[in-house]
Every structure is written in structure tokens, then in C-alpha cells.
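This is a predicted model, with the sequence first.
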Amino acid sequence: MQRSLLYAMSAIVIMVLASLNQTPAVATMMPAANSVLQIHSNVPVNSQGGALVPVQFISNGLRISGMLFSIDYDHTCLFFDPVDADRNGIPDNLLFNVPNHFSISATFDGSDVDGEIDIMIVDYSPPFAAFPDQLVVTIRLGSLCIPVAGESVTAYVRFSQSPQPSLSTSSGTAAQGVFIDGSVLITANSPVQTPISTATPTPAPTMQPTATVQPTVTVEPLPTLLPSPTIPGTIPGTIPGTIPSPTPVFDGRKVFMPLILLGRHGVMNGATQIYLPMITVDCVAADPQVSCSSELPPEPLSTTPPPIIGIDMSDVRVR
């Protein structure tokens, strides 16, 4: 995907260069010589177990303003560390030597076994500069192979052919180029470099705000109102604020319950009690030792019943 994007950008750049340049491109005109991109061959392994592989450019008189190529290397004996410690978007083991007029794009894809390192160098601003004859980039590769004593291993470093490298002139036309592959020479006494896996930076944990501890509110339980125990055979206690339960009066055959009329004054210079017959029985005695009398209840103190609305006065006894 990265390589496709790079080549798409290169095609766009070539078209832009052609549109901005006023010199018409003549397809029949062939240059007397071709520009050259060359990877150095038999680059030795240094004492640190690495090889510095140069890529050289020779213009041969052509004004080259853009170049695009991919580097493929021998995986069995070489490795590339794509670390980008300075975070400039270019692997630190690609050492570029490019004039300020040119922009650089360089990416690494270890899964692409036919071109791991993709490089594009272009001048985007007219008038487009011509790339000089000089070293373009140095690729730092690590050595993995250990040859048999007395022998050596030549590990290839070459231009990828899928797609092929390309050059563009300052007039926006594609230029014919010669692309020469190179190699790294690993001898029996060459030190081996151990690949170091690139550490992925771990994002710092997000600090959560400290929760404020709310004071615990102790809820006092509401007092439970227990009913007063009732002794069997007795009248339940009186609830405060109510009128006490009246005491029954026995007169033989009938039981009279007093009805207190507040604000009435009668013959007893006090509140008049009106007795209403509530229960009719054959015999009721207050004292178990006394037999029931067959006599009628005593006559009321007053034969004139008080005028009370809603009560049948024929069943009223007044004491």
C-alpha cells in the first residue's frame, strides 16, 4: 500500500512538472547517455557487525529532478532496523545526502520481501533543480550470517523490479536510467549483529481524579410503637388524647353504658350522665356472691329526659 501511494505521488509529480515547464517534451529526442543509480558492491561488514551501503547517482548530463526506487536485500544474511528515534518520519538507518531543494519520503515494510525500503526524492517547487552527481543515501544494514571458516558470503542489496525504479527530468518527462545492484561481503571473521526489536512506546496511563469520600450519614431508626399489652378480661388502655372508655353499669337484666354529655348540668350539679341500654341479658351481677335480683332496675332520678337529638328517649335511664 505504501509503495502504491509513493508511485501514485510520483506520477502526479511528473504530470505537474510537465504542466509547469514551458519547454515541450519531444518523444523522438533520445539523450546521448542515461543517468545512473548504483548500489555499491562487496561492502564489507564493520567491527560493529553492520555494513554501510551507499547509493550513488550519476546524471550523465541529464537534469533529473525526481527519483523513485525501492531497495530489496537478502533476508537470510542482512536485516534493517527501522527505528525513528528523532521522530522525523524517516528511519534513522537511512542517511540521506540531498540538496535542500528536494523533499524526501522514506518508508519501511518488513512484510514486503521484494522491496522493503521505499524511497522518493523530488523537487516540488519551480524552477525545478537538477540533482547533482553525488551520493544519494547510505543504507545501514546489520549482518546475520556466519560463513564457514575460510569462506565468505555475498548478500545482495538490489533495486526492486516490482515496480521498477524511475527517474523524471525537470521538464516533467520520464528519463531513461541505468540501475546497478550491489551487495554486502560477509567474511568468516565478520562480527554478527543481533537485531534489536523496536520497542513500541507505551502510552502513559490516564490519571483518574481521586474520588471525594462522602461522609456516611447514620440514619437513626424510628422508634417502634409497641401496643400496650392487654390483660385478658380487662378493657384496653386508653390512647392519650382520646376519651376514656366508659365503665358499664349493671342493673339486673340490662347493662347500661354511660354517655357523658359535656356542658350539660342537671340535678347532680355536674355533668349529666345518660345511660343507654347496650346489652340485654337474663341476669348480670357485679358480685358473684350475690344472686341476680328479679327486681326491675331502679327508677331514674329524673323522669324528664334531656332533649338529645337522634336518641330514642324511651330507652334512656338518667342517674
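Happy to help now that I have it.

Could you list the low-confidence segments of the protein?
By pLDDT under 70, the weakly predicted segments of the chain are 1-32, 196-319.

what about the helices in it?
Taking DSSP state H as the test, the helices found in the chain are 2-20.

domain assignment for it?
For the chain, the domain assignment from automatic domain parsing gives the residue ranges 2-21+32-187, 249-318.

since we're on Asn93, how many residues are nearby?
19 (other C-beta atoms under 10 Å). (C-beta placed from N, C-alpha, C; glycine too.)

Which strand residues bridge the closest residue to it other than its chain neighbours?
What sits nearest to Asn93 in space, not counting adjacent residues and going by C-beta to C-beta, 6 or more residues apart in numbering, is Arg140, at 4.0 Å. Going by DSSP bridges, Arg140 is paired in beta bridges with Leu52.

end to end, how far does stretch 62-81 reach?
Taking C-alpha to C-alpha, to the nearest Å, the span from the opening residue of stretch 62-81 to its closing residue is 34 Å.

got the buried residues for that stretch?
Within stretch 62-81, the residues that qualify as buried by neighbour count (16 or more other C-beta atoms under 10 Å) are 62, 64-74, 77-81.

now stretch 93-107
By 16+ other C-beta under 10 Å, the buried positions in stretch 93-107 come out as Asn93, Leu94, Val98, Phe102, Ile104, Ser105, Ala106, Thr107.

JSON lines for those, including distance to Leu37?
Compiled in JSON lines, the buried residues of stretch 93-107 are given as follows (distance: C-beta to C-beta, whole Å):
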{"residue": "Asn93", "distance to Leu37": "19"}
{"residue": "Leu94", "distance to Leu37": "15"}
{"residue": "Val98", "distance to Leu37": "13"}
{"residue": "Phe102", "distance to Leu37": "15"}
{"residue": "Ile104", "distance to Leu37": "15"}
{"residue": "Ser105", "distance to Leu37": "16"}
{"residue": "Ala106", "distance to Leu37": "15"}
{"residue": "Thr107", "distance to Leu37": "18"}
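
of all the residues you listed, which two lie farthest apart?
Taking C-beta to C-beta as the measure, these reach their widest spread between Asn93 and Phe102, a distance of 19.9 Å.

Could you report the distance from the residue nearest to Asn93 to Pro132?
Taking C-beta to C-beta, to the nearest Å as the measure, Arg140 falls 23 Å from Pro132.

So those two - more neighbours on which side?
For the pair Arg140 and Pro132, the greater number of neighbours falls to Arg140 (17 against 12), based on other C-beta under 10 Å.

doesn't Gln48 make contact with that one?
No: under the criterion of C-beta atoms under 8 Å, Arg140 lies out of contact with Gln48, with a separation of 9.7 Å.

Out of the buried residues of stretch 62-81, which sit inside strands?
Ile64, Ser65, Gly66, Met67, Leu68, Phe69, Ser70, Ile71, Asp72, Tyr73, Leu78, Phe79 (DSSP state E).

returning to what we had before: I'd like to know how far the residue nearest to Asn93 sits from Phe57.
Between Arg140 and Phe57 the computed distance is 19 Å (C-beta to C-beta).

got it, and Ile121?
From Ile121 across to Phe57, the span is 9 Å (C-beta to C-beta).

Can you tell me the number of residues neighbouring Ala130?
Count around Ala130 with other C-beta under 10 Å applied: 17.

Can you name the residues that contact it?
Residues in contact with Ala130 (C-beta atoms under 8 Å, 6 or more residues apart in numbering) are Ser59, Leu62, Arg63, Ile64, Ser65, Ser170.

Please give me every residue in contact with the nearest residue to Phe96 once chain neighbours are set aside.
For Phe96, ignoring the flanking residues on the chain, the nearest one in space by C-beta to C-beta, 6+ apart is Val137 at 5.0 Å. For Val137, the contacting residues are Pro54, Val55, Leu94, Leu95, Phe96, Asn97, Val98, Ile119, taking C-beta under 8 Å, 6+ apart as the criterion.
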